[in-house]
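**Student:** this one's sequence-less:
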């Protein structure tokens, strides 16, 4: 049977007074160490700021893409619904385009072309290769 | 007045946010903030304790003493943690110095309200919510590197943002 108190080793921590007695650094060394830390912090800051701005920009870019995707999805859905509705109304004889026989094919072809155009745009512009972003 | 019955989550968060809200990008200059608030930060060789102690706060001398052998991220955490004690618990420890415990390197700090509050203060000040929110969908390792904190702290912050 294992003894938990032996596996979870808890060292007795020294008091701050004891630590202060054991500190080996002189005042000048302490100043140098602080300068080194500040220099390191400055270096890290410059790199981190650049990475942070890039990351933020990338996320905003994806958020915009997402917004446009939903908008185009809505647009395509509306166009397909309109086309279906139009065909249904013509099919049941509710709407007639006898005076404008050119209108129905023109509307259908134009609408279909727009849907296909949007689909091509979505694939080419919004879903390009991920490594190009 | 002796110890704290439970961590004061909202008070600690508000205190950390108050100190970091003006910063527009990471990492947070915690050393600069500590020194602006009246406590000097020094880096020292802890001698025989170098492998076991990360740092401590000397309330009398108004100093945070950090183990110089630690890496950058660990030093940042030590400063933030001890600065948390300075900002939140000074009056408790002035009355009863025995309540204060130095910060160990390897073993987890003692589980009490003081240590929990200091850890929360460190997390909230090194990784402020207003800076984490816009990039929270990125990977934890990359964010940890950008904010100058450990992967573990970043994972915890991402769960709570």
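**Tutor:** Thanks, I have the structure now. Only a predicted model underlies this, so the values are computations on that prediction, with no experimental measurement involved. Numbering: from 1, shown residues only, chains lettered A, B, ... in the order given.
**Student:** quick one: low-confidence ranges for chain B?
**Tutor:** Scanning chain B for pLDDT under 70 picks out B:1, B:107-110.
**Student:** Name the residues of it found near chain A, please.
**Tutor:** Those residues of chain B that sit near chain A, judged by CB under 8 Å from any CB of the partner chain, are B:25-27, B:29, B:31, B:41-49, B:52-53, B:56-58, B:65, B:68, B:72, B:75, B:100-102, B:104, B:107, B:131, B:134-135, B:137-138, B:142, B:145-148. To be clear about C-beta, it is placed using only N, CA and C from the backbone, and glycine gets the same treatment.
**Student:** Would you mind identifying the next helix or strand past the longest helix seen in chain B?
**Tutor:** Taking DSSP state H as the criterion, chain B has its longest helix at helix B:72-95. The element immediately downstream of helix B:72-95 (helix or strand, assigned by DSSP states H and E) is strand B:103-104.
**Student:** roughly how far is the strand or helix carrying residue A:120 from the heart of the chain?
**Tutor:** Secondary structure from DSSP H and E places residue A:120 in helix A:103-121. Taking CA atoms, centre = their mean, to the nearest Å, one finds the center of helix A:103-121 at 31 Å from the center of the full chain.
**Student:** ok, residues contacting it?
**Tutor:** Residues from elsewhere that reach helix A:103-121, judged by CB atoms under 8 Å, 6 or more residues apart in numbering or on different chains: A:72, A:75-76, A:79-80, A:82-83, A:86-87, A:90, A:97.
**Student:** cool, and stretch A:65-81?
**Tutor:** By CB under 8 Å, 6+ apart, stretch A:65-81 touches A:111, A:114-115, A:118-119, A:121-122, A:126.
**Student:** Tell me how many other residues crowd residue 111.
**Tutor:** Here I'm looking at chain A. Other residues near residue A:111 come to 15 when the count uses other CB atoms under 10 Å in any protein chain shown.
**Student:** my bad, the chain I had in mind was chain B
**Tutor:** By other CB under 10 Å, the residues close to residue B:111 number 7.
**Student:** any idea what the residue lying closest to residue A:16 once chain neighbours are set aside is structurally, helix, strand or coil?
**Tutor:** Nearest residue to residue A:16 in three dimensions, chain neighbours excluded: residue B:56, at 4.8 Å (CB to CB, 6 or more residues apart in numbering or on different chains). Classification of residue B:56 by DSSP: H, G, I helix; E, B strand; the rest coil places it in strand.
**Student:** residues touching whatever residue of chain A ends up closest to chain B, list them.
**Tutor:** Proximity of chain A to chain B (CB to the nearest CB) peaks at residue A:33, 3.7 Å away. Neighbouring residues of residue A:33 by CB under 8 Å, 6+ apart: A:25, B:42-44, B:68.
**Student:** same check, this time on residue B:103
**Tutor:** B:53-56, B:78, B:81-82, B:109.
**Student:** Likewise for residue B:3?
**Tutor:** Residue B:3 makes contact with B:92, B:99, B:112-114 under the criterion CB under 8 Å, 6+ apart.
**Student:** Okay, buried residues for stretch A:72-89 please.
**Tutor:** For stretch A:72-89, a neighbour-count test (16 or more other CB atoms under 10 Å in any protein chain shown) marks A:72, A:76, A:79, A:83, A:86 as buried.
**Student:** if you skip the residues just before and after it, what's nearest to whichever residue of chain B sits closest to chain A?
**Tutor:** Closest residue of chain B to chain A, CB to the nearest CB: residue B:43 (3.7 Å). Distances taken as CB to CB, 6+ apart put residue A:33 closest to residue B:43, at 3.7 Å, once the chain neighbours are dropped.
**Student:** centre of the chain versus the stretch of helix or strand that neighbour belongs to, how much separation?
**Tutor:** Using DSSP H and E, residue A:33 sits in helix A:27-91. For helix A:27-91, the separation from the chain centroid amounts to 5 Å (computed by CA atoms, centre = their mean).
**Student:** Noted, bye for now.
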